[in-house]
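# For reference, the sequence and a predicted model appear below.
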Amino acid sequence: MNALSIKNLRKTYQNGFEAVKGIDLDVEAGDFFALLGPNGAGKSTVIGIVSSLVNASSGSVSIFGHDLYKARNLAKTCLGLVPQEVNFNQFDTAKSIVLNMAGFYGMPRKLALQRTEHCLKQMDLWDKRDTISRRLSGGMKRRVMIARAMVHSPKLLILDEPTAGVDIEIRRSMWQTMKQVNEEGTTIILTTHYLEEAESLCRNIAIIDQGRIVEHSDMKSLLARLHIDYFILDLARPLAQAPVIDGYHIERVDNTILNVAVPKELGLNRLFAGLSQHNIEVTSLKNKSNRLEQLFMDLIDAKKPEGRHE
Amino acid sequence: MNNAIAFRTLVYKETKRFIRIWPQTLLPPAITTALYFLIFGKLIGGRLGDIHGISYMDYIVPGIILMSVISHSYANVVSSFYSTKFQRNIEELLVAPVPNWVVLAGYVTGGIVRGLLVGTVVALISMLFDPLACQNVYIALSVVLLTAILFSLAGFINAVLAESFDDISIIPNFVLTPLSYLGGVFYSVEMLSETWQTISMGNPILYMVNAFRYGLTGVSDVDVPLAFAITGGFIVVLTAFSLYLLHRGTGIKN
C-alpha cells in the first residue's frame, strides 16, 4: 500500500501563480523519501495540500488509502507534520504543546500523558517539559515540533526542513532519531536543503522544480547516473596555480588544496600519473560527500528553459 | 467521543490563556466598573431621581454588567484567534482531525467563559455598593449567556477576516463601544427625543441590555420576547457565517 498517493495535483493561487502543475507522486509505506527542489519549486505547496493547510485547485490526495477529501479525518489521523517554521504557541510549555496536540487528535487524557512523556523523552526534552517554549533553543524548538507531530503515532511523518539552522551535533542526533522512527515502521517524507542529509537517510527521491516532478527514482540508481566523482586533494607543497591534466577539471582551493572532478571512465590512476609529471605530491585524498548536490544542480539546470540559466 | 476530547482541549487551552494573564483580562474590568459604580452610581446617581421606580444605581448595574460581558467575550475570541493565526499555531488545528464546528465551538466557549467570569466579577463589585436585585433568574442568565455567545461569534468573525492587529481593534473601538454606550446602559431611551428613540431601536445591544435589566430589576424599555428573538436570530446568522468562513478557509488557508 502507498503511504501517500497524489494524482494530477494542481494549485493556482489567487494572484494567478501556478505553484503546482499536475503532480503525480506515490510514496510506499515504510519508505524514507526525499522531496527536494529549489526554493519556490512547489514543495511547500504540495506539503501544505497534503497536510490540509492549503486548498488544492484540483487533483486527489490519499494517505494510506484514505482520500483526503472524502475521508478527511481518517487521512489526517495517519499524518504528522513537522513544519519548516516554529508554529506553536511560544508561551506554552513543551509538555502542554505536545499534550494539547494529543487532545486535538482525540486521545484520552491518560494515553495522551503517556505518549507525551514518551515523545519528549525520545526527543531528549523530558527535563525541559515545564520550560516555556520561547526560552528553548532553536534546536529544542524543532525537537518539540517533532515530538508534537509524533504524539498520535502517525503512520506518515512529513518533515519539512527539520534540521535547518541547527548545529551539527543536534542535526546528527536528529538523523539518528529519524532513522529509528523509520525503522519502527513510520513512513517519512523529508524535505531538506542539506542534500547530504537526503543522500544518507533516504531510499527514494523526487525532485520538484517549477511545479513539476522532474525526477522520481530510488537514490542508488539516481546516484549511479552520476558519471563524475569529486575529490579533494591535500598537497605536500604549496602550489601557485592548478595543473592542467587532460580530461580532468582541477580547481585550486588554496595553496595546498585542489578540488578535482574525476570522470568515472578515466579513473584516479591517470590523474595521479599526471600529478606526478607535474611534480605534485599528494598527502591525502577525500571524496566530496555532496554527490547528490551535483546531480540536483544538473537536473534543475537541464529543465530550465533557454535563457533562464542563472 | 474524539470531538468531545478535542473540544475540551481547546476550551481548556483558551481558558488557561486568559487566566494566565489575569492582570490584563480580569483585573481591569473590576477597577473600571468599580469607578463607574462609585462615580455614576453613587456620587452623581445619588443626586438623580429614580428611573422607572428604581434608583439610578440599580438602573445602571445590569447595563454595566452586560457591557463588560459584551466587550470581554468579544475581546477574548478576537485576540486569541487572531494571535493563533498570526503565530500560525492555527496549523495545529488544521492538520489535526478537528471539525470546523469544534474549532468554532471551542473558541466561542472560551469567549463565553471569560465573558461570564468578568460579568460575575463586575456583579460582585456592584454588590459592594448596593445589593444585587434579581427578579427573574432564568431570564437574566439566559440573556447574559446568549449575549456572550453572540459577541464571541462576532469576535471570531472579526479575527478570521482581520489581516493586521489594527483590524482587530477597529470594530471594538469604533463600533462596539459606541453601540454599548448608546444601548441604554446609563439612561432610558424614553428620556430621548422621538427621533433618537427610533434610531436607538436599531441598536441590537439596547434589546440585550434591557432584557437583562428586566431579568434583574423587572424594568425594561423593550419587549423582552423580541429581545430574545433578535439575539437568537443574530446567533444563527453569525454561526452560519463563521462556519462558512471556516469551510472556505478564509484567512487561514491559502
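It's in.

# Could you point out the longest helix of the chain?
Let's take chain A. Longest helix of chain A, by residue count under DSSP state H: helix A:168-183.

# please go with chain B instead
From DSSP H, the single longest helix across chain B is helix B:56-86.

# Name the next helix or strand downstream of that helix, please.
As assigned by DSSP states H and E, the chain's next helix or strand after helix B:56-86 is helix B:90-95.

# average pLDDT across the following helix or strand past that following helix?
Proceeding N to C from helix B:90-95, the next assigned helix or strand is helix B:100-126, under DSSP H and E. Here helix B:100-126 scores 97 as its mean pLDDT.

# Just list what whichever helix or strand comes after helix B:100-126 packs against, helices and strands only.
Heading C-terminal from helix B:100-126, the first helix or strand you meet, by DSSP H and E, is helix B:137-161. Packing partners of helix B:137-161 (3 or more CB pairs under 8 Å, 6 or more residues apart in numbering or on different chains; DSSP states H and E): helix B:56-86, helix B:100-126, helix B:167-171, helix B:204-217, helix B:224-248. (C-beta placed from N, C-alpha, C; glycine too.)

# pLDDT of helix B:137-161, averaged?
On average, helix B:137-161 scores 97.

# tell me which element residue A:26 falls in.
Element membership for residue A:26 (DSSP H and E) is strand A:18-28.

# Run the chain-centre distance for that strand.
17 Å (CA atoms, centre = their mean, to the nearest Å).

# quick check, it touching chain B?
No: Strand A:18-28 lies out of reach of chain B by CB under 8 Å from any CB of the partner chain, never closer than 9.1 Å.

# Next secondary structure after that strand?
Using DSSP H and E, the helix or strand that follows strand A:18-28 in sequence is strand A:32-36.

# Run a quick neighbour tally on the closest residue to chain B within the stretch 201-310 of chain A.
Closest contact between the stretch 201-310 of chain A and chain B, by CB to the nearest CB, is at residue A:211 (14.5 Å). If you count neighbours by other CB atoms under 10 Å in any protein chain shown, residue A:211 ends up with 22.

# thinking again about what came up before, between helix B:137-161 and the longest helix of chain B, find me the angle.
Relative orientation of helix B:56-86 and helix B:137-161, computed by axes from the mean of the first three to the mean of the last three CA atoms, to 10 degrees: 30 degrees.

# can you give me the strands for the stretch 201-310 of chain A?
Using DSSP state E, counting those that start in this stretch, the strands found in the stretch 201-310 of chain A span residues A:204-209, A:212-218, A:228-235, A:249-254, A:257-263, A:282-287.

# Output the third one in CSV with nothing but the alpha carbons.
Spelled out, that is strand A:228-235. This file holds the C-alpha atoms of strand A:228-235, laid out as CSV (Å, rounded to 0.1, in the frame of the first residue of the first chain):
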residue,chain,number,x,y,z
ILE,A,228,31.7,12.3,-12.2
ASP,A,229,33.2,11.9,-8.8
TYR,A,230,34.6,14.9,-6.9
PHE,A,231,37.7,14.6,-4.8
ILE,A,232,39.7,17.0,-2.5
LEU,A,233,43.4,16.5,-2.6
ASP,A,234,45.8,17.8,0.2
LEU,A,235,49.2,18.6,-1.2
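
# With the flanking residues excluded, which residue is spatially nearest to residue A:97?
Take residue A:97 and drop its neighbours on the chain: the residue closest to it by CB to CB, 6 or more residues apart in numbering or on different chains is residue A:88, 4.7 Å away.

# Need the pLDDT of that neighbour.
95.

# ok, so what distance separates it from residue A:150?
Distance, residue A:88 to residue A:150, using CB to CB, to the nearest Å: 14 Å.

# Repeat that for residue B:254.
Distance of residue B:254 to residue A:150, given as CB to CB: 26 Å.

# Could you give the number of residues near the closest residue to residue A:2 other than its chain neighbours?
Closest residue to residue A:2 apart from its sequence neighbours, by CB to CB, 6+ apart: residue A:26 at 4.9 Å. Residues near residue A:26, counting by other CB under 10 Å, number 16.

# Burial check on residue A:77, number of neighbours?
Residues near residue A:77, counting by other CB under 10 Å: 21.

# Excluding chain neighbours, what is closest to it?
residue B:97 (5.5 Å).

# my read: residue A:199 touches residue A:192, true?
No: if you go by CB atoms under 8 Å, residue A:199 and residue A:192 don't touch, sitting 10.0 Å apart.

# Which residues are in contact with residue 216?
You didn't pick a chain, so chain A it is. Neighbour list for residue A:216: A:25, A:204, A:205, A:206, A:207 [criterion: CB atoms under 8 Å, 6 or more residues apart in numbering or on different chains].

# Chain B is the one I meant
B:61, B:62, B:132, B:133, B:134, B:135, B:140.

# can you list the weak-confidence ranges in chain B?
Scanning chain B for pLDDT under 70 picks out the ranges B:1.

# Against residue A:200, how distant is the residue in the stretch 151-254 of chain B positioned nearest to chain A?
Per CB to the nearest CB, residue B:254 is where the stretch 151-254 of chain B lies closest to chain A, at 4.7 Å. Separation of residue B:254 from residue A:200 (CB to CB) stands at 33 Å.

# near chain A, which residues of the stretch 51-200 of chain B?
Neighbours of chain A within the stretch 51-200 of chain B, by CB under 8 Å from any CB: B:84, B:87-89, B:91-99.

# residue ranges of the helices in chain A, please?
A:43-50, A:72-77, A:94-104, A:109-122, A:138-150, A:168-183, A:195-201, A:219-224, A:269-277, A:291-303.

# now those helices as TSV including distance to residue B:68 and mean pLDDT?
What follows is the helices of chain A, written out as TSV (distance: least, CB to CB, whole Å; pLDDT from 0 to 100):
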stretch	distance to residue B:68	mean pLDDT
helix A:43-50	41	94
helix A:72-77	39	94
helix A:94-104	29	97
helix A:109-122	33	96
helix A:138-150	36	92
helix A:168-183	49	86
helix A:195-201	55	83
helix A:219-224	63	79
helix A:269-277	82	91
helix A:291-303	60	68
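
# Now the residue in the stretch 151-300 of chain A positioned nearest to chain B. Nearest residue, chain neighbours left out?
Going by CB to the nearest CB, chain B is nearest to residue A:152 of the stretch 151-300 of chain A, at 8.1 Å. Of all residues not flanking residue A:152 in the chain, residue A:105 sits nearest, at 4.0 Å (CB to CB, 6+ apart).

# Need the contact partners of stretch B:93-105.
A:51-53, A:72-74, A:76-77, A:79, A:81, A:101, A:104-106, B:2-3, B:6-7, B:10, B:84, B:153, B:156, B:239, B:242-243, B:246-247, B:252-253.

# Quick check: end-to-end length of that stretch?
End-to-end distance of stretch B:93-105 (CA to CA, to the nearest Å): 13 Å.

# With stretch A:221-238 instead?
39 Å.

# ditto for stretch A:201-210
End-to-end span of stretch A:201-210 (CA to CA): 25 Å.

# Stretch A:84-91: which residues count as buried?
Residues of stretch A:84-91 classed as buried by neighbour count (16 or more other CB atoms under 10 Å in any protein chain shown): A:84, A:86, A:87, A:88, A:89.

# distance between it and the chain's centre?
20 Å.

# what do you get for stretch A:71-78?
For stretch A:71-78, the distance to the chain centre is 24 Å (CA atoms, centre = their mean).

# Pull out the buried residues from that stretch.
By 16+ other CB under 10 Å, the buried positions in stretch A:71-78 come out as A:75, A:76, A:77, A:78.

# what's the spacing between the first one and chain B?
In this structure, residue A:75 and chain B are separated by 8 Å, where distance is defined by CB to the nearest CB, to the nearest Å.

# Show me which of the residues of the stretch 51-200 of chain B next to chain A are buried.
For those, buried by 16+ other CB under 10 Å: B:84, B:88, B:89, B:91, B:92, B:93, B:94, B:95, B:96, B:97, B:98, B:99.

# That'll do, ta.
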